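> Here's a sequence, model it:
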Amino acid sequence: MDWVEVTPAQAAQRRYYGLGGWLLFFYVLAVLDFVAGFMTLMASPTMQRMHGDNHTIVAGLGVVQALLYLPFIVMTPMKHPLMPKATISALWFGVALTAIVGLLTGPMAMMVRIVAGVVFVSLFQWYLNKSKRVNVTFRHRVPAEAGTSGAEPAS
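Predicted structure coming up:
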């Protein structure tokens, strides 16, 4: 899809501007995952049974991964133009960190988390790059229409 740059004021007048639809759904999931990351600290006995001596490392990984949602959680309501890039970078960093911890701790459960992380981040990156709502709200660009510049007519 071709995109046409518009001013922030013009973008704000578009139907897809703002926090709604799938973006709102992903936002709620991110907040829940943020909270769940800190809940790993409360689940110490369960973590110890699952990960043995590595439970502290895995619990720490859960907290760090929760913190990596902060660019998305903070920048989305602000409609900050760097949100898509910052979110994608932070989430891929989380996948890399999970892979490193998986190499150090070795349980098969970590391998499942790595594969799930790659799939999730790939799909989320695709969404952030292709979504009309994300493009209008954060990148201030709208779909180009055949034969028009895509800009709002002057009133």
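
> Going by neighbour count, which residues of the helix or strand hosting residue 116 are buried?
Secondary structure from DSSP states H and E places residue 116 in helix 108-130. Buried positions in helix 108-130, judged by neighbour count with 16 or more other C-beta atoms under 10 Å: 110, 113, 114, 117, 121, 124, 125, 128. Yep, even glycine has a C-beta here, placed from its N, CA and C like the rest.

> so what does that helix touch, helix or strand wise?
helix 21-42, helix 83-105 (3 or more C-beta pairs under 8 Å, 6 or more residues apart in numbering; DSSP states H and E).

> Please identify the deepest-packed of those.
Across the helices and strands packed on helix 108-130, averaging neighbours per residue (mean count of other C-beta atoms under 10 Å) puts helix 83-105 on top, at a mean of 17.

> would you put the C-alpha positions of that helix in CSV?
Extracted as CSV, the C-alpha positions of helix 83-105 are listed here (Å, rounded to 0.1, in the frame of the first residue of the first chain):
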residue,chain,number,x,y,z
MET,A,83,6.3,4.3,19.2
PRO,A,84,6.4,1.7,16.4
LYS,A,85,10.2,1.7,16.1
ALA,A,86,10.8,1.8,19.8
THR,A,87,8.3,-1.0,20.4
ILE,A,88,9.7,-3.2,17.7
SER,A,89,13.3,-2.7,18.9
ALA,A,90,12.4,-3.4,22.5
LEU,A,91,10.5,-6.6,21.7
TRP,A,92,13.2,-8.0,19.5
PHE,A,93,15.7,-7.2,22.3
GLY,A,94,13.5,-9.3,24.6
VAL,A,95,13.5,-12.2,22.1
ALA,A,96,17.3,-12.0,22.0
LEU,A,97,17.6,-11.9,25.8
THR,A,98,15.3,-14.9,26.1
ALA,A,99,17.5,-16.8,23.6
ILE,A,100,20.6,-15.9,25.7
VAL,A,101,18.9,-17.0,28.9
GLY,A,102,17.8,-20.2,27.2
LEU,A,103,21.4,-21.0,26.2
LEU,A,104,22.5,-20.5,29.8
THR,A,105,19.7,-22.3,31.5
